[in-house]
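Asker: Would you be able to build a 3D model of this:
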Amino acid sequence: MQATNASNQIMWKQFFRDAVLELNPGIFEHKLDAAHKAIQDRMLELRSSGSADRQELIELTEAERTILFLKKQEQPK
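Answerer: Here you go, the predicted structure:
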């Protein structure tokens, strides 16, 4: 269980990193969506397991805010 927990923590961080470092506008939005889903899935997993790591929840919340901000910036004006 702990190995899965650790790999899921690494996974959402990798999706997030890939999204914020993407330079190709055609791929950027898709990577943002994938990162947002990975973040939401991890938040749900932590909250439903009852063993939520407070620090990781803070990181997830900050990452989600960043994703939502970037999505808003990408919308046509």
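Asker: now the chain, which segments are flagged as low pLDDT?
Answerer: Across the chain, the ranges flagged by pLDDT under 70 are 1-6, 76-77.
Asker: for it, what spans make up the helices?
Answerer: 2-20, 25-49, 54-74 (DSSP state H).
Asker: In JSON lines, list these along with mean neighbour count.
Answerer: To be clear about C-beta, it is placed using only N, CA and C from the backbone, and glycine gets the same treatment. Below are those laid out as JSON lines (neighbours: other Cβ atoms under 10 Å):
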{"stretch": "helix 2-20", "mean neighbour count": "15"}
{"stretch": "helix 25-49", "mean neighbour count": "16"}
{"stretch": "helix 54-74", "mean neighbour count": "14"}
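Asker: What's the separation between E45 and I67?
Answerer: Applying Cβ to Cβ, to the nearest Å, the value for E45 to I67 is 17 Å.
Asker: swap in A19?
Answerer: A19 is 7 Å from I67, by Cβ to Cβ.
Asker: what do the two both touch?
Answerer: Counting by Cβ atoms under 8 Å, 6 or more residues apart in numbering, the shared contacts of A19 and I67 are L32, A35.
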